[in-house]
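> Need the 3D shape of this:
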Amino acid sequence: AVVSTQSTGVTDLCDILAEHGKPIILDCSVYPEAKDKILEAVNQETAFEAVIHGGDSIKLVSPKLTNDLRKKLVSQVKVQTNLAVDSIKQIRNEAHKTALNATGYSREVQKKAADNVHEMFKHHKAEIDRMARAKEKSLQEEFNL
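Residues are numbered from 1 along each chain as shown. As a prediction, the model looks like this:
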């Protein structure tokens with residue numbers, strides 16, 4: 001997104017960044033004096049990184065990604081993965097119990113239903129693991145961990 005510097009100050013820019021969630025480019029051509037003030041304020045007082053992006057523009061990236069923060073993000077991926085797996089395990093256990101205790105069905109049908117539940121669990125667990133590995137790899141490549 002390109003944002004004009006006609007806002008009322010750095011707080012407005014930080015709010016825009018926080019809401020947008022992606023890097024934005026500030027066009028300082030309308031108010032060139034703002035460029036130095038924005039760079040100084042962003043570098044000293046916020047969690048954002050500012051990069052000169054052409055003569056009259058500043059690229060703001062949120063948040064500043066230190067190695068510690070990058071490692072923490074990878075750690076959070078692992079925590080969220082474990083929570084997701086725990087959740088589907090609980091669902092599997094309840095569904096497995098329900099399948100085995102279903103009345104009006106033969107033992108063979110109950111066993112097949114329980115086996116299907118387990119196969120669905122394995123499929124979804126593999127998908128969670130695949131997504132987690134992809135996210136960890138993305139974070140590590142993007143941030144050179």
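> Mind jotting down where the strands sit in the protein?
2-4, 24-27, 49-52, 57-61 (DSSP state E).
> Leu73 touches Leu139, doesn't it?
Yes. Leu73 lies in contact with Leu139 (CB atoms under 8 Å); the separation is 5.4 Å. Using the backbone N, CA and C atoms, a C-beta is placed for each residue, glycine as well.
> so how many other residues sit close to Glu119?
For Glu119, the neighbour count with other CB atoms under 10 Å is 10.
> Model confidence for it, exactly?
Among the per-residue scores, Glu119 shows a pLDDT of 96.
> same check, this time on Asn93
Reading off the model, Asn93 has pLDDT 96.
> same check, this time on Lys71
Looking at Lys71, its pLDDT stands at 80.
> And for the residue lying closest to Ala95 once chain neighbours are set aside, the neighbour number?
Closest residue to Ala95 apart from its sequence neighbours, by CB to CB, 6 or more residues apart in numbering: Val117 at 4.4 Å. By other CB under 10 Å, the residues close to Val117 number 20.
> surely Val117 meets Glu94?
No. Look at Val117 against Glu94 with CB under 8 Å: they stay out of range, at 9.2 Å.
> where do the contact lists of these two overlap?
Common neighbours of Val117 and Glu94, counting by CB atoms under 8 Å, 6 or more residues apart in numbering, are absent.
> Where does pLDDT dip in this structure?
For the chain, applying pLDDT under 70 flags the ranges 1-24, 26, 30-31, 41-55, 58-65, 142-145.
> Output the longest helix belonging to it.
Under DSSP state H, the helix in the chain containing the largest number of residues is helix 107-142.
> for it, packing partners?
For helix 107-142, the packing partners by 3 or more CB pairs under 8 Å, 6 or more residues apart in numbering; DSSP states H and E come out as helix 67-100.
> same for the helix it packs on, what does it pack against?
Where contact means 3+ CB pairs under 8 Å, 6+ apart, helix 67-100 is packed against helix 107-142.
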